[in-house]
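Q: Need a 3D model of the sequence below.
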Amino acid sequence: MWEGKGGSKMEQQSQPSPGSAKSSSNDSGVEEARKASISQPKPVERRATRLSSNAVSPVLEQLEQLIVNDDWLARDEPPHPQQAKNAKVKEGSRLSELGRTLVTSSSLKAYIDLLGSHHRQSIASWLFGNTSITFSQLFRFPEAQVYCSETESTLANAVRNGIGHAVRLAIKQAYGGEFATKGWRVFVEQGAPVVYVSPALHLDIAPFLASEFGIADVVVLPKLEGDLSEIEGRIDHHAFERLLDEDIAAGKKPLMVLGVVGSSILGQNDMISKLLDSRKNKARFWLHIVGQAVAALTLREPTEVLVHVLSQVDSMTLPLALWLGIPAAPVITIHRSVDGYKPTYRAKLDTLPWWVASQYLTTKRITDSIENAYFLSKVMLKGLSALDQMEIVGVDNVVDFANKVFKNQYIAPSVLIFKYKYSQLKEVIAAHKKLLTASEEERNASEIEKAAKVIDIELEYAESLNSWLGQGLLGECTPLGIHMIELGGYHGTAFRFCPLEHAAANSSNMDHVQKFVKQLSEVMSIVDSTVSARRSFNAMKEEFPALAQLPINKWAGVGAVCYIPSIVKETNPEEWNEKQRQQVSMLNMELVHSLRSVDSAFSSGESALFGVSCVKFGMLSEANDLVDLMRMVSERGKEIENSQQYLDTLADQIRKGIEAANQELKHESDVRLQQEGVMRQLPLMGSLVNWFSPIEHPNIKGRSFNLKTGEIQATDVLYKHKKGDSENQVPMTPIDTPQAPHDFNKNTIVAEKQESIQEESNEEPEKSQETAAASA
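A: Take a look at the predicted model:
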């Protein structure tokens, strides 16, 4: 359509008017044939236009293929124009009607630049004034001006640019117009600027301010002490005022305080009212705020305190496009007017995308979108408050807080951080703190170290439980945008729900939240049963002596056990050698394979501490099932150990051990013959040589194969070990034999000792036969 219109327009412009053609002919005086030849270039120009449009079409098709699909990246070559016709649009790359309009507005900005100077200046001023009035009314910020950050690759960089614009305004207010002419020299003359940053701002702006404005003093303010300060801190106001007094006394100029209203993790607010008091009483600095909770200003009935406090700040940077789910719209900064500052033509024209968005959405739809996000936060808060197993980080009494939010006594939190309430972790943390706060006489370093190790174990298990919940639930609640975050310290991992960031883009509604809460409540019984079974897990080791409980990392199930075959039962797991670990692992892998055919709750794992395979117990719907599962593992392991296949494996191991012992004996005999020489081996000559040059005949040590350890040892080591044991052994009463009463006479006790020694001496040859499989 555009090509056809352009072509007809060009044809009309290229055709001369009748009068001009006639005048030209009369003046030139050329013949008719010559006139005809002169008029021939007209249709040639039309053909050239068609050829140009045909040449451009494949280029646009190839460009389209580059944009709508990324399959060509794997081929490492750009697509052919013919491939664009069959290209499938990548999921998520389609734009809404508003998105397409905003993308088009970027082209319109370039077109406006082509207009006359007065015309484009008027358009830019009108767009800037109209957009500023809209956002001034929307955020209840009187006589505000709007600045749109340049488009950046990340949201953090765009927010950083908005903060940079606020710093530029603060410098204009503090130093006047001299900074534009003198640069950093004005800092030397009037005092170096200091920018104070809230600890809740997760953005490093120091390098940006140093390179952009030459500001070297960027101070991250101290945190207000509290239980959650290690996750995310708020400004300690008393510490801030002390720093303020010190800097003023040192001749520095407080330039800006950067506060946070609605932090990204816990949704906390800095005390903006106290910062306003410091600005009034201490120094006239610029107060700039960022954060999610600023969106509450657009609600239909925001709290009067919130409006009164935030309307007194100097500027605020807002990711409004994120809150409304609008692509291709810049981050905006709303600020009060500053004497001597006039926005440039480019800064005014940059408001075009937001003028388009505000006209398309209207302030009513913008308010509705943010109202929906806060409503979803209310519904999620109410649902979580009904689950005793869940805790919301930063909220002590969840039920009371949820009721006050629903009664509009409090504004719904912009961010909810919640996780499974693992009470045992809190108990061990409290015990550790008690040991740390004990007096010097009562403090025990070994007990403190032991308690710290227990905390690490329980913290890892709590993180595993939350990760297991996330694996099963997050895939079902994609519209809500819930994701897992790492809080750090003793807080572990948790779920993060921020409807402002995802509700508009994903069209989230109340049904999505209720579905998530319902699914969460259904799996709580499984988690509770598993945690309860884990507490009684350690107490069952006496009931099943063939099973050893092994620690396993990052496992949300009950735990892991290892069936110990009788051949290595007497050896401590820490002392197992490589062959013993292979024997244990082989039997347990076969055990898991056999158990999984009966119950899917079993799985194979590996204990990093001992390096052997083990049987892992998964999540249990009933805590009482653990006893039956343990009994099943023990009985099935015994069946495998007594099976013909396992016995054949041991027989093969014995055969290989005997062969290895024979090879070592043969090698030792060959070495001895080589050392003695050939002459000594002859019947007569050997005796003569031995008479002239006698030689000591070293005894050839025998070899024994220990079936328990899978090792081959020399018999002299075995005999020495046995001899030492018999000399140092003190007869002991067997554990299962009742202890003798204290009034037994000495003769009876001596007789029992002699009988015990006689029994052990009789059992000695039997033990030697078991441990020595091959002897020379």
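
Q: Now do the closest residue to residue 124 other than its chain neighbours, the pLDDT please.
A: Nearest residue to residue 124 in three dimensions, chain neighbours excluded: residue 348, at 3.8 Å (Cβ to Cβ, 6 or more residues apart in numbering). C-betas here are computed from N, CA, C, even on glycine. Looking at residue 348, its pLDDT is 95.

Q: Residue 348 contacts residue 127, doesn't it?
A: Yes: in terms of Cβ atoms under 8 Å, residue 348 counts as a neighbour of residue 127; the distance is 6.5 Å.

Q: more crowded one of these two?
A: Per other Cβ atoms under 10 Å, whichever of residue 348 and residue 127 has more neighbours is residue 348, with 25 against 22.

Q: Might you report the residue contacts of the more buried one?
A: Contacts for residue 348 were tallied using Cβ atoms under 8 Å, 6 or more residues apart in numbering; they are 124-125, 127-128.

Q: ok, 10 Å please
A: 120-121, 123-129, 131-132, 145-148, 342 (Cβ atoms under 10 Å, 6 or more residues apart in numbering).

Q: Equivalent analysis for residue 630, please.
A: Shown in contact with residue 630 (Cβ under 10 Å, 6+ apart): 537, 540-541, 543-544, 547, 549, 558, 561, 615, 617.

Q: Show me which pair in those is furthest apart.
A: Greatest spacing in the contacts of residue 630, by Cβ to Cβ: 543 and 615 (16.2 Å).

Q: higher neighbour count, the two?
A: Using other Cβ under 10 Å as the criterion, residue 543 and residue 615 rank with residue 615 on top: 27 against 11.

Q: buried set for the host helix or strand of that one?
A: Assigned by DSSP states H and E, residue 615 belongs to strand 612-617. Using 16 or more other Cβ atoms under 10 Å as the test for burial, strand 612-617 gives 612-617.

Q: hey, what's in contact with both of residue 348 and residue 127?
A: Residues within reach of residue 348 and of residue 127 at once, by Cβ under 10 Å, 6+ apart, are residue 146.

Q: circling back to that earlier point, redo the contacts of residue 630 as JSON lines? Include secondary structure.
A: Formatted as JSON lines, these follow (DSSP: H, G, I helix; E, B strand; the rest coil):
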{"residue": "537", "secondary structure": "coil"}
{"residue": "540", "secondary structure": "helix"}
{"residue": "541", "secondary structure": "coil"}
{"residue": "543", "secondary structure": "coil"}
{"residue": "544", "secondary structure": "coil"}
{"residue": "547", "secondary structure": "strand"}
{"residue": "549", "secondary structure": "strand"}
{"residue": "558", "secondary structure": "coil"}
{"residue": "561", "secondary structure": "strand"}
{"residue": "615", "secondary structure": "strand"}
{"residue": "617", "secondary structure": "strand"}
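
Q: give me every residue that touches residue 207.
A: Per Cβ under 10 Å, 6+ apart, neighbours of residue 207: 160, 218.

Q: what separates it from residue 216, distance-wise?
A: 11 Å (Cβ to Cβ, to the nearest Å).

Q: State the pair within the buried residues of strand 612-617 that is farthest apart.
A: 612 and 617 (16.4 Å).

Q: hmm, back to that, write a ChimeraX command that selects only the buried members of the contacts of residue 348.
A: Selection of buried members from the contacts of residue 348 for ChimeraX, criterion 16+ other Cβ under 10 Å:
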select :120,123,124,127,128,131,132,145,146,147,148
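
Q: Quick check: what element follows the helix or strand hosting residue 452 along the chain?
A: Assigned by DSSP H and E, residue 452 belongs to helix 445-473. Counting by DSSP H and E, the next helix or strand C-terminal to helix 445-473 is strand 483-486.

Q: Can you pull out the low-pLDDT segments for the protein?
A: Applying pLDDT under 70 to the chain picks out residues 1-57, 60, 63-64, 67-95, 644-662, 664-665, 672-776.

Q: Report the central residue of it.
A: residue 485 (5.5 Å; Cα atoms, centre = their mean).

Q: How about that residue: which residues does it bridge to?
A: Here residue 485 sits in beta bridges with residue 494, going by DSSP bridges.

Q: so it touches residue 463, yeah?
A: No: with contacts defined as Cβ atoms under 10 Å, residue 485 does not count as touching residue 463, sitting 11.6 Å away.

Q: Spit out the residues that contact those two alike.
A: 419, 493-494.

Q: which one among those residues gets closest to residue 442?
A: residue 419 (33.5 Å).
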